[in-house]
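Asker: Build me a model:
(one chain, ligands or ions: 1)
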Amino acid sequence: MMPQDEMKVLLRSRGHDVEKFLSSCLDGRDMPPRLRQAMLYSLLAGGKRLRPVLCMSAAALCGLDPAQVLPFAAAIEMIHTYSLIHDDLPAMDNDDLRRGKPSNHRAFDEATAILAGDGLLTDAFLTMCSTSLPSERVLAAVAEIALAAGSSGMVGGQEWDMIHTGGPAIGLNQLRSMHAMKTGALLRASCVCGALLAGAHAELREAMSTYGVSLGVAFQIADDILDLISDTITLGKPVGSDVVHGKNTYPALVGLEKSRELASSYAREACAALDGHDGLEADFLRALADYTVQRTV
Ligand code: GRG
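Answerer: Residues are numbered from 1 along each chain as shown. Here you go, the predicted model:
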């Protein structure tokens, strides 16, 4: 297993490449300066860059130079960033802090934050289309992302979450499928797109998908736990809001200890999906699965 320190060096290095790309991703696009400022404000506010790094690393595992999927990977981060901006809006979670900075609608205004999110989502597809790889691979990956981010994925999961928030507790299976849509779908698609863009065969694409599904559940359980046990300074966003909003979470449903056990078990499941794969990239993805549950931010 790759030591966590070594894993973090590669995570940071790939994250840095993503940030560099993001800082110029709107260059040459004609738009009102305030909208550009609002979009870049959230895009460049930090973050772990987990989804683009997953895409790059999955591509690398499948034998492609990760630099070749950089535009596509960065576009996934644009979609993730839009979802965070909209999630913080008064009509949704009404959070004032994100990644340690005022949330977009606090730094700008509500209407601009809505448009900054809309701009990031739509422009992400333009950015994906600039990926210089065979067009049939890019098309398959674009479809995968659209499915994961849209009404059958992240957007649908968010709606389910809103419907159930404050209502009677839901069961564990229902919670898992809701989270699989809301946060799992984009994480899984990030891995699958890396494989699709690399032109990987079906077996390898399936391994990336299985890894991504388990990683997504582990990630979400860890997120639920952090909201309960961490603090605002460390996390860079308000904590304890799940309880305040009456959200369905793993700790609320099965308690803290069982949630920790479940998170570790899903991380192990993610690693198991890579059985038979050796080398730096497989080791990195295994260590990343571990980090997902051990992380403090
Ligand atoms: C508003 C369409 C729409 C969707 C919102 C993903 C989502 C759905 C909301 C985000 C709210 C949230 C805190 C979900 C839990 C999991 C999650 C996405 C956490 C944030 O992702 P990280 O930890 O964030 O990767 P960084 O800042 O590191 O990028």
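
Asker: those strands in this protein, which residues are they?
Answerer: Using DSSP state E, the strands of the chain run over 97-98, 101-102.

Asker: Summarise which helices and strands the first one is packed against.
Answerer: If I follow you right, that is strand 97-98. Strand 97-98 sits against helix 70-88, with contacts defined as 3 or more CB pairs under 8 Å, 6 or more residues apart in numbering; DSSP states H and E. Where C-beta positions appear, they are placed from N, C-alpha and C, glycine not excepted.

Asker: hmm, stretch 236-243 touching the ligand?
Answerer: No - in terms of CB under 6 Å from any ligand atom, no part of stretch 236-243 sits within range of the ligand; the closest distance is 7.3 Å.

Asker: Could I get the buried residue list for that stretch?
Answerer: For stretch 236-243, burial by neighbour count (16 or more other CB atoms under 10 Å) applies to 236-239, 242.

Asker: what's the answer for stretch 76-90, then?
Answerer: The neighbour-count criterion (16+ other CB under 10 Å) identifies 76-89 as the buried residues of stretch 76-90.

Asker: follow-up on the earlier one: what about the buried residues of stretch 236-243, which are in helices?
Answerer: Under the assignment DSSP state H, the buried residues of stretch 236-243 contribute residue 242 to helices.

Asker: Which of the buried residues of stretch 236-243 sits closest to residue 103?
Answerer: When the buried residues of stretch 236-243 are compared for distance to residue 103 (CB to CB), residue 237 comes out closest, at 8.3 Å.

Asker: got a markdown table for the buried residues of stretch 236-243, with pLDDT too?
Answerer: Output for the buried residues of stretch 236-243, formatted as a markdown table (pLDDT from 0 to 100):
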| residue | pLDDT |
| --- | --- |
| 236 | 85 |
| 237 | 83 |
| 238 | 82 |
| 239 | 87 |
| 242 | 87 |
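
Asker: could the buried residues of stretch 236-243 be laid out in JSON lines, adding distance to residue 229?
Answerer: Below are the buried residues of stretch 236-243 laid out as JSON lines (distance: CB to CB, whole Å):
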{"residue": "236", "distance to residue 229": "15"}
{"residue": "237", "distance to residue 229": "14"}
{"residue": "238", "distance to residue 229": "14"}
{"residue": "239", "distance to residue 229": "8"}
{"residue": "242", "distance to residue 229": "11"}
